[in-house]
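Q: Please find the sequence and the predicted model below.
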Amino acid sequence: MPENDAVEKLILRLVEKIVAEARREAKSKGKPGLEVKEVLTTSPHGIYYYVPEKDVWRLEVVDGEAFTPKNDGFYVVYFDNARCPACRVYDLYWFPWVREVSRKYKDTFFIIVLCSWFARECSSTAASSTFKHWNVRASPTTLFLYVKNGKIVMDSKREGVMDRDKLNTTYTLFRELAQKCKP
């Protein structure tokens, strides 16, 4: 029975952590600048950027136009729906993978676009517009972009859950192919 007690305590701590983060997010609901350890189903809708130096996701854009890359480099964009069960599975791979890969590739920007259900149910005009702009109709969807001299040189969209190995393989191959492209 001691094992069950330890598991129960671990589960209670995890639930307390999730509830505390949800309460903190609710206080600053939908305001750009909000920083969270991970983007949860209770997080405000919008476009989040990963800040590797702080290991947080920052809500950057709530209202406005669809996401378009601003700087040269690689972009990995996760289209997340709060009501998507497959996205919750993907989260188990996505967040640890981003932490790992962001240390290796300093030229890569990681982004999450969050709505409740695609562009139809979204309190963020920017996130909703981004789903439409990139024609995302399945979740999770991961968009890989390579920008050089201010132009998107290559893009690739993958639908469905990818585990850590699939994410690594897909991203590595994308980088190799993209770097051979001419703007």
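A: Looks like it arrived, so ask away. Residues are numbered from 1 along each chain as shown.

Q: Please, where are all the helices along the chain?
A: 2-27, 85-104, 125-133, 164-179 (DSSP state H).

Q: Any chance of CSV for these, columns mean pLDDT?
A: Shown next, in CSV, are these (pLDDT from 0 to 100):
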stretch, mean pLDDT
helix 2-27, 62
helix 85-104, 97
helix 125-133, 97
helix 164-179, 96
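
Q: just these: most buried one?
A: The highest mean neighbour count among the helices of the chain, using mean count of other CB atoms under 10 Å, belongs to helix 125-133: a mean of 21. Every C-beta, even on glycine, is put in place using the N, C-alpha and C of the backbone.

Q: For F74, which of the helices of the chain is the nearest?
A: With CB to CB as the criterion, F74 lies closest to helix 164-179 of the helices of the chain, at 6.5 Å.

Q: thinking again about what came up before, can you redo the helices of the chain as a markdown table with distance to H45?
A: Output for the helices of the chain, formatted as a markdown table (distance: least, CB to CB, whole Å):
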| stretch | distance to H45 |
| --- | --- |
| helix 2-27 | 11 |
| helix 85-104 | 14 |
| helix 125-133 | 5 |
| helix 164-179 | 24 |
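
Q: between the ones you listed, which one is nearest to V147?
A: When these are compared by CB to CB, helix 164-179 sits nearest V147, at 9.4 Å.

Q: roughly how far is the closest one from the heart of the chain?
A: 17 Å (CA atoms, centre = their mean, to the nearest Å).

Q: Stretch 93-101 too?
A: Per CA atoms, centre = their mean, the centroid offset for stretch 93-101 relative to its chain is 10 Å.

Q: How about the spatially most central residue of the chain: which residues does it bridge to?
A: The centroid of the chain falls nearest to I112 when counting by CA atoms, centre = their mean (2.7 Å). Legend: beta-bridge partners of I112 under DSSP bridges are Y48, Y78.

Q: Tell me who's in contact with it.
A: With contacts defined as CB atoms under 8 Å, 6 or more residues apart in numbering, I112 is in contact with 39, 47-48, 50, 57, 77-78, 80.

Q: ok, it to L177 distance?
A: Remark: distance between I112 and L177 (CB to CB, to the nearest Å) = 24 Å.

Q: Distance-wise, check the nearest residue to C181 once chain neighbours are set aside relative to Y171.
A: The shortest distance from C181 to any non-neighbouring residue, by CB to CB, 6 or more residues apart in numbering, is to V153 (4.6 Å). According to CB to CB, V153 and Y171 sit 16 Å apart.
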